[in-house]
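# show me how the following folds:
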Amino acid sequence: MIRTRAAVVVLAAVAVAAAACGGSSDKKSGDASASPSFNPVLDKNAKVTISIDCAPAANKPVETKQWTDDIAAFHQIYPNVTINSKPMSKCEDPAPFTAQLKGHTETDVFYTYFTDKNQVLDSGEAADITKYVTPQTVTNLKDIQPAILDINRDNGKLYALPRTNYTMGLVYDRAVFKKAGLNPDQPPTTWADIATDAAAIAKLGGGVNGYADYSANNVGGWHFTAELYGLGGRMVSQDGTKAAFNTDQGKQVLQNLYDMRWKTGGIGSTQMIKWGDPQAAMAAGKLGMYIGAPDDITYMVQTLKGKAADFGMAPMPGGQGALVGGDDYYFKKTDTPDQIKAGIAWINFKLLTPGKGQFQYDRNKTGGLPVGLPEPEFFIQGSPSQKADDANKQASATLPIANFQPFLAVSPTPVVEPPAAQEIYKVLDNAMSAVLTDKNADIPKLLSKAETDVNTVLANQ
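Residues are numbered from 1 along each chain as shown. Sure thing, here's the model as predicted:
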């Protein structure tokens, strides 16, 4: 399930543009082979203008100032580059985004979710940036997890660079664990252990539940997917044309929930839970565990006023895979080589360099933004970039980093969301809600029906 994250706005000396405004001293298309003397590094004397969307809107004053300051700092390095920023309160709406692709009106460097790759590439609007992305243009390229870059590859070609990412895991309440006599420094890593701990937590009474899961508004199917990945399963076939979840792993996902709801205890009677419900319960001290992403903790602390020290994260149960999500920036097919080079230089400065841009944690702390979450997690564990980023984060942390160590200690295989994700999730909502509301639920029948329905969805793509 993709969540929009606020981004970042404009230098006073740099015009704010709407969609695709751009110009360059080089009028050829963005083809690295256009010149035999091609150099991927931007000439600091090249006059070039690029437009970029997903700049922060006016209701994000801290992020707006940071964006403005970063453009000013970038302009000191590249004085002849003009960045026209497009502020957006929501970086992508599906319908307008599709219309932009069809109308060729996207910005020169344009925002997408990871799951938009097929749509973008099918539209023919994306430039191949493979030859532009080198250790000279992306300073920490060798330290970026290959799997993160691979999300944006197709047939060996690279089309986008990451902006943020997240990995799903088990969010848990350390204070509730202590009350139930459980060790918060040793959270469960298997579904069997989750069931045992959930039952222990439920015995606290007073409306406290050990575990909760989604089953409505498509997020039930999202969690089915995440839990299936944790067990090593996959939602669709490798070619993306057939459902692949009607397996032993798929049955186990539903059986785990059925057992906690109807046999071992731990899951309460209130169901049809959607995003926001478990977060509210946990912030109120009424829930022990649920599957979520790191920024749920920000929401519970900043919006729901929960205690930051109470929340921890563990890896996805099963440890054989983890659903990853996030967003990125593509480059418009009509971009000139200089525009592509300038866009990469900006992304390298703003989004991919420890100590700068989004990784400048000291100013985040000063601005009242949360510091300490294990995301974005672009860098390979143990690499110089990861070590530098961790040191900077710890120096300015406003959240208890130690509480995320069980989550960070494991590196499961990252797996992206399936094609037609929202339609597939809607189908699986039915199976999730059935095992949580019907004591007579027939799991094989539920999965068989879901398989048929998902195959129909995929056939119509």
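# could you list the domains of the chain?
Structural domains of the chain, as assigned by automatic domain parsing, span the residue ranges 23-166+326-366, 169-323+415-459.
# who wins for proximity to residue 406 among these?
Taking Cβ to Cβ as the criterion, residue 406 comes closest to domain 169-323+415-459 out of the domains of the chain, the separation being 4.4 Å. In this view, the C-beta of every residue, glycine as well, is placed from N, C-alpha and C.
# start and end of that closest one, how far apart?
Distances were taken as Cα to Cα, to the nearest Å; on that basis the terminal residues of domain 169-323+415-459 are 31 Å apart.
# same check on stretch 285-305?
Using Cα to Cα, the span of stretch 285-305 from its first residue to its last is 11 Å.
# out of the domains of the chain, which comes closest to residue 391?
Nearest of the domains of the chain to residue 391, taken as Cβ to Cβ: domain 23-166+326-366 at 8.6 Å.
# that older thread, with respect to residue 390, which of the domains of the chain lies nearest?
Among the domains of the chain, domain 23-166+326-366 sits nearest to residue 390 (Cβ to Cβ), with 9.0 Å.
# could I get the domains of the chain as CSV with distance to residue 393, mean neighbour count and mean pLDDT?
Supplementary listing: the domains of the chain in CSV, determined by distance: least, Cβ to Cβ, whole Å; neighbours: other Cβ atoms under 10 Å; pLDDT from 0 to 100:
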stretch, distance to residue 393, mean neighbour count, mean pLDDT
domain 23-166+326-366, 5, 19, 92
domain 169-323+415-459, 12, 20, 96
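# and those as a markdown table, adding distance to residue 392?
Conversion of these to a markdown table gives the following (distance: least, Cβ to Cβ, whole Å):
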| stretch | distance to residue 392 |
| --- | --- |
| domain 23-166+326-366 | 5 |
| domain 169-323+415-459 | 17 |
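# quick one, which of those gets closest to residue 395.
Comparing the domains of the chain against residue 395 with Cβ to Cβ, the closest turns out to be domain 23-166+326-366 (7.2 Å).
# dump the residue contacts of residue 136.
Applying Cβ atoms under 8 Å, 6 or more residues apart in numbering to residue 136 gives the contacts 40-41.
# oh sorry, the question was meant for residue 320
229-232, 412-413.
# looking at the residues you listed, spot the one nearest residue 461.
When those are compared for distance to residue 461, the smallest value, 20.8 Å, is given by residue 229; criterion: Cβ to Cβ.
# for the stretch 201-350 of the chain, what spans make up the helices?
Secondary structure of the stretch 201-350 of the chain (DSSP state H, counting those that start in this stretch): helices at 219-230, 248-262, 277-283, 295-298, 337-351.
# closest one to residue 203 among those?
Taking Cβ to Cβ as the criterion, residue 203 comes closest to helix 248-262 out of the helices of the stretch 201-350 of the chain, the separation being 13.5 Å.
# ramachandran coordinates for residue 73?
Backbone torsions of residue 73, given as degrees, to the nearest 10, read phi -70, psi -40.
# which residues are in contact with it?
Applying Cβ under 8 Å, 6+ apart, we find residue 73 in contact with 349, 356.
# do you know how far it is from residue 356?
When distances are taken as Cβ to Cβ, to the nearest Å, residue 73 and residue 356 turn out to be 8 Å apart.
# same thing with residue 234?
In terms of Cβ to Cβ, residue 234 sits 37 Å off from residue 356.
# same thing with residue 189?
When residue 189 is compared with residue 356 (using Cβ to Cβ), they lie 35 Å apart.
# tell me which of the domains of the chain lies nearest to residue 397.
Of these, nearest to residue 397 by Cβ to Cβ is domain 23-166+326-366, at 7.8 Å.
# measure stretch 210-226 end to end?
19 Å.
# swap in stretch 397-405?
Length of stretch 397-405, first residue to last, Cα to Cα: 14 Å.
# list the contacts of stretch 177-194.
Stretch 177-194 is contacted by residues 170, 172, 174-175, 196-197, 200-201, 203-204, 211, 252, 256, 260, 266, 288-289, 312, 314-315, 317-319, 406, 410 when judged by Cβ under 8 Å, 6+ apart.
# one more pass at 7 Å, please.
Applying Cβ atoms under 7 Å, 6 or more residues apart in numbering, the set of residues contacting stretch 177-194 from outside is 170, 172, 174, 197, 200-201, 204, 211, 256, 288-289, 312, 314-315, 317-319, 406.
# CA atoms only: put it into PDB for me.
Taking Å, rounded to 0.1, in the frame of the first residue of the first chain, the C-alpha atoms of stretch 177-194 are listed here in PDB:
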ATOM      1  CA  PHE A 177       5.100  -6.200  26.400                       C
ATOM      2  CA  LYS A 178       6.500  -5.300  29.800                       C
ATOM      3  CA  LYS A 179       3.100  -5.300  31.400                       C
ATOM      4  CA  ALA A 180       2.500  -8.800  29.900                       C
ATOM      5  CA  GLY A 181       5.800 -10.100  31.300                       C
ATOM      6  CA  LEU A 182       7.400 -10.300  27.800                       C
ATOM      7  CA  ASN A 183      10.900  -9.100  27.000                       C
ATOM      8  CA  PRO A 184      10.600  -6.000  24.700                       C
ATOM      9  CA  ASP A 185      14.200  -6.500  23.600                       C
ATOM     10  CA  GLN A 186      13.400  -9.900  22.200                       C
ATOM     11  CA  PRO A 187      10.200  -9.400  20.000                       C
ATOM     12  CA  PRO A 188       8.700 -12.400  18.200                       C
ATOM     13  CA  THR A 189      10.100 -13.400  14.800                       C
ATOM     14  CA  THR A 190       7.800 -16.200  13.900                       C
ATOM     15  CA  TRP A 191       4.000 -16.400  13.700                       C
ATOM     16  CA  ALA A 192       4.000 -19.100  16.300                       C
ATOM     17  CA  ASP A 193       5.800 -16.800  18.700                       C
ATOM     18  CA  ILE A 194       3.400 -13.900  17.800                       C
END
